[in-house]
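Asker: Okay, here's the prediction I keep looking at, along with the sequence it came from:
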Amino acid sequence: MNINIEHGIYNCGDNKEVYFRSLKKYFDRYSSPIELDHLNFEQKYEFFHKMKGISSTLGLENLSKLLKSFFEKKLILNEKDKESFFLILKETLDEIIQLCD
């Protein structure tokens, strides 16, 4: 599992209800198709920065780690980076569905 539930609950004030509600909001926000190629640098920065922060807070470790690496590369992403992003995002969203059912 790529989700550190204990870390996420801790970051939500040790409140499981808030944590699972936050996971559902995360799923709703990021389950829609994302067109990275249509974003300019500022839009890409804002999108990934918000996603990185929320992912870290919720304990979405693999996704958070990948997004951190994107910032280390100054958001200059190649096709492999994009493929990794969409793969890890899908895996993370699938895990959220399993946890919230």
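Answerer: Happy to help now that I have it.

Asker: ok, longest helix in the chain?
Answerer: Longest among the helix segments of the chain by residue count, using DSSP state H, is helix 79-100.

Asker: List the contacts of the spatially most central residue of the chain.
Answerer: With the centre of the chain defined as its mean C-alpha position, the nearest residue by Cα atoms, centre = their mean is Ser55, 4.3 Å away. Contacts for Ser55 were tallied using Cβ atoms under 8 Å, 6 or more residues apart in numbering; they are Tyr26, Leu63, Ser64, Leu67, Thr92. The way it works is simple: take the backbone N, C-alpha and C, and place the C-beta from them, glycine included.

Asker: Tell me which stretches of the protein form helices.
Answerer: 5-11, 16-30, 41-57, 61-72, 79-100.

Asker: tell me the mean pLDDT over the third one?
Answerer: Per-residue confidence for helix 41-57 averages out to 96 on the pLDDT scale.

Asker: Please save the CA atoms from that helix in PDB.
Answerer: Taking only C-alpha atoms (Å, rounded to 0.1, in the frame of the first residue of the first chain), the coordinates of helix 41-57 have been written out as PDB:
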ATOM      1  CA  PHE A  41       4.900  26.800 -16.300                       C
ATOM      2  CA  GLU A  42       3.000  28.800 -13.700                       C
ATOM      3  CA  GLN A  43      -0.100  26.600 -14.000                       C
ATOM      4  CA  LYS A  44       2.000  23.500 -13.800                       C
ATOM      5  CA  TYR A  45       3.800  24.900 -10.700                       C
ATOM      6  CA  GLU A  46       0.600  25.700  -8.900                       C
ATOM      7  CA  PHE A  47      -1.000  22.300  -9.800                       C
ATOM      8  CA  PHE A  48       1.900  20.200  -8.700                       C
ATOM      9  CA  HIS A  49       2.600  22.300  -5.700                       C
ATOM     10  CA  LYS A  50      -0.900  22.000  -4.300                       C
ATOM     11  CA  MET A  51      -1.000  18.300  -5.200                       C
ATOM     12  CA  LYS A  52       2.400  17.700  -3.500                       C
ATOM     13  CA  GLY A  53       1.300  19.400  -0.300                       C
ATOM     14  CA  ILE A  54      -2.000  17.600   0.000                       C
ATOM     15  CA  SER A  55      -0.500  14.300  -1.000                       C
ATOM     16  CA  SER A  56       2.100  14.600   1.800                       C
ATOM     17  CA  THR A  57      -0.400  15.700   4.300                       C
END
